[in-house]
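Trainee: got a predicted model here, sequence first, then my questions.
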Amino acid sequence: MATTKQEMDSKLAPGEARSRGKQIQDLLDDETVEVPWQLRDADYTYLGSEPLDRNHYISQEWCDKETENLWSRVWQLACFEQDIPEVGDHIVYDIVDWSFIVVRTEPDTIKAFYNSCLHRGRRLCTNELASANKPEFRCPFHGITWNVNGSLKAIPPSIEFDFPHVDKDKFSLPEVRCERWDGFIFINIDDDAEPLMDFLGDITKHFERWPFANRWKATHSAKIVDSNWKLAQEAFMEAFHVLATHPQMSIGLLGGDGSNTEYNIYDNGDANWSRMTMAPPMPNPNLPYELTEQELIEEMFFRGESVSEMGVQKMEGSVDDLPDGITTRKLLADTARKNGPKGYVGGEPTDVELTSAIQYHIFPNISPWPGPIFYRHRPYGRDPDKCIMEIMMMVALPEGAERPPAAKINWLGPDEQFGSIFNQDVENVAQVQRGLKAAKPPGGLTLGNYQDIKVRWHHRLLEKWVNREI
Amino acid sequence: MAAAIRNGYTWPTICGGQGTCKTCVFLTLEGQRNLVDVEPWEEQALDSIIDTLPNRGQGFRLACQAKATGDVKLRKIGVRQA
C-alpha cells in the first residue's frame, strides 16, 4: 500500500494523517453546553488504499449487476409518510426497471404494491412521485380495478365473462415489503431481507436527537444529471473539493475549505451508515501563518457576509459592537441561537451543530442531515451515465406547530438549476463521468486515505452486495 | 502578492499563488492603473466568488495575478510584516 510522505515523516500509520488545525472533536472540547453522545460517537477505520475500479461508474455490466444484486434486495427510501397523509393518497416509486405504488390504506397503515396490472402488465399508476388521492387503482388499458388495500374491486362487466378462471378473492395486487422509521417509508423487493430496523442499525439512535417525524418537507427538487448515481452522490461524501469547486464557500480567511472535515464510518466499515462533519468558520489551518480571531471577524464584517450550514449569509451590525474575545464560530452560533434553533432533543444545541454541516449517509442512496438538507440519488433506468438527483428541505417545526402539506416533487429541466453550489457539483460530476471514460485502461482511481473514506466505504459495501457476500 | 512579499510582508494564501483558493483577493483603493489588466482567467476566478465580496466584487483583484507596475493602495486583512 502506498504511504504518503507525511505518514513516513511522522511515522503515522496509513489513514491516520489529518489536516492541520483543530479537528471537530477539539471543537467539541470547547463547547459550553453538554455535548450529545452522538457527536462523540466518531469511529473511523482505515480501509486500505487500493485503486477504485472506474467500471463501477461507467460499465453497463456493472450497472446490470447493481440492478440484479443491489436494488433487488436492499432497503430503499420510497417516500415520507407526510407525502401520503390521507387514506387513498399514494405515490409511485420507480427504481431501475421496477415501479411500486406506495399507498396509505388506513390512517396508520401503509402498503406498497407492484405497479403492474395482473391482466396485461400495464403500469397501473403513472403519476410518478406526485401524491394524489384516488380511492382505487384502475388500469387505463381494460379498466380492471383494485381497491387501495390491493384487493380486486371489479372486472368491468363487459369483459368479466372472459375471466371465469380468476378467483376474485385471490386476485389481489402483489405486495412488496414496506417498513417505516421516523417518518420514512422504505421498501424492499426481497421477501427474505432482514427487518428495516436491523438494516439501519445505530443511526436510528443517533437521529433520536434530530428526529424526522416532526419535520416538514418544505421543498423537493429533482433533476436528471449526466453522471452515474454514485458520482452525483459522492459530491456530498467528501468536502475537500470545496476549495477548488466551491471557492465562494471557502471564503479564504474564514476557513471552510473542507480540509479538516471529520469522517466517520462504523463497525469497521460494515455498518450501513456513515457521517461527515465539515468544520465551522475558524482560522484557516492551511494559511502559512495563523490569523487572529479579530482579523477573521473583521474579514467577515468587511465582506458583509459569512458562511453557515446553508452557505453564505449576511452579517448584521458592526464589528465594534462585539464582546471582547468572541470567536467567529461563537458569533455565528449565537446568531443561529437567536433565530430559534428547532428540532434538537436532549439538550441545548452545541456550537458545532449550529455552525457545521453534519451529513449522514444511509446505504445505498440517501443522505439525511441533522439540519434541513436531505439528498437522494437514484439510477436513471439502466443508464450508467445518468441519474436522478433529488434535494429536499426537511425543516424542523416548533413544538406544537401544525405541519403544512409536504412539497410535491419539482422536476427541473435541463437548463434549470438547483442553485449555485449544487450546480457546480452537477457540472463537475458530468465532467468526471466523461473523464472516467477517457482514462487510459485500467484507469484505477487513487483515493485519499481519510478524506475519501466514505467513498471507499460505499464502494466496499456495494461490492459486497453485488458479489452477494451480503 | 510577489511585490508585497519582496517588500517584507506576508500575504494570506492557501494555494501559494496558483489561483485556486482565491484567498489572496484584495480591494484596490488607489492606483488601479498601476496593476496589469485583468485577464479572462482572473475574471472568471473573481466571478466564482462574487457572491462573497462587497459591492459585487467591484475593485477586487487576485493578488496572485495582479502584477503591480507602480504604487497601489489597497485593503487586505491579514497582511503583516514578516
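Mentor: Received the coordinates, thanks. Residues are numbered from 1 along each chain as shown, chains lettered A, B, ... in the order given.
Trainee: quick one: furthest residue from the center of chain A?
Mentor: Within chain A, the residue lying farthest from the chain centre (CA atoms, centre = their mean) is A:Phe161, at 50.3 Å.
Trainee: enumerate the residues of chain B near chain A.
Mentor: B:10, B:12-15, B:20-25, B:45, B:48-54, B:75, B:77-78, B:80 (CB under 8 Å from any CB of the partner chain). (Glycine included, C-beta is placed from N, CA and C.)
Trainee: who are the contact partners of the residue of the stretch 1-150 of chain A found nearest chain B?
Mentor: Residue nearest to chain B within the stretch 1-150 of chain A (CB to the nearest CB): A:Arg20, separated by 10.8 Å. Applying CB atoms under 8 Å, 6 or more residues apart in numbering or on different chains to A:Arg20 gives the contacts A:259-260, A:285-286.
Trainee: rerun that using 10 Å as the cut-off
Mentor: The contact partners of A:Arg20, taken as CB atoms under 10 Å, 6 or more residues apart in numbering or on different chains, are A:259-260, A:284-287, A:290.
Trainee: how far away is the closest residue to A:Val166 other than its chain neighbours from A:His165?
Mentor: Closest residue to A:Val166 apart from its sequence neighbours, by CB to CB, 6 or more residues apart in numbering or on different chains: A:Ile155 at 7.3 Å. According to CB to CB, to the nearest Å, A:Ile155 and A:His165 sit 12 Å apart.
Trainee: pick out whichever of these two has more residues nearby.
Mentor: Between A:Ile155 and A:His165, counted using other CB atoms under 10 Å in any protein chain shown, the more crowded position is A:Ile155 (19 against 5).
Trainee: for A:Ile224, see how far away the residue of the stretch 1-150 of chain A closest to chain B is.
Mentor: 40 Å.
Trainee: what about chain B, any weak spots by pLDDT?
Mentor: By pLDDT under 70, chain B has no low-scoring segment.
Trainee: repeat that with 80
Mentor: Chain B contains residues with pLDDT under 80 at B:51-52.
Trainee: need phi/psi at the residue of the stretch 351-470 of chain A found nearest chain B.
Mentor: For the stretch 351-470 of chain A, the residue closest to chain B is A:Ser420, as judged by CB to the nearest CB, at 7.2 Å. Phi and psi for A:Ser420, reported as degrees, to the nearest 10, are phi -60, psi -50.
Trainee: A:Lys330 now?
Mentor: phi -70, psi -40.
Trainee: and it, what's its pLDDT?
Mentor: On pLDDT, A:Lys330 comes in at 85.
Trainee: next: A:Val242.
Mentor: As summarised for this prediction, A:Val242 has a pLDDT of 86.
Trainee: then A:Glu316?
Mentor: Predicted confidence (pLDDT) for A:Glu316: 65.
Trainee: ok, A:Thr3 next?
Mentor: Per-residue pLDDT puts A:Thr3 at 51.
Trainee: what of the one 3 residues further on?
Mentor: Here the pLDDT value assigned to A:Gln6 is 58.
Trainee: next one: phi and psi at A:Asp321?
Mentor: Dihedral angles (degrees, to the nearest 10) for A:Asp321: phi -90, psi 0.
Trainee: now it: how far from A:Phe302?
Mentor: Counting by CB to CB, the gap from A:Asp321 to A:Phe302 is 15 Å.
Trainee: how about the secondary structure of residue 28?
Mentor: If you meant another chain, say so; for now it's chain A. Assigned with DSSP: H, G, I helix; E, B strand; the rest coil, A:Leu28 falls in the helix class.
Trainee: hmm, I had chain B in mind actually
Mentor: strand.
Trainee: cool, thanks, signing off.
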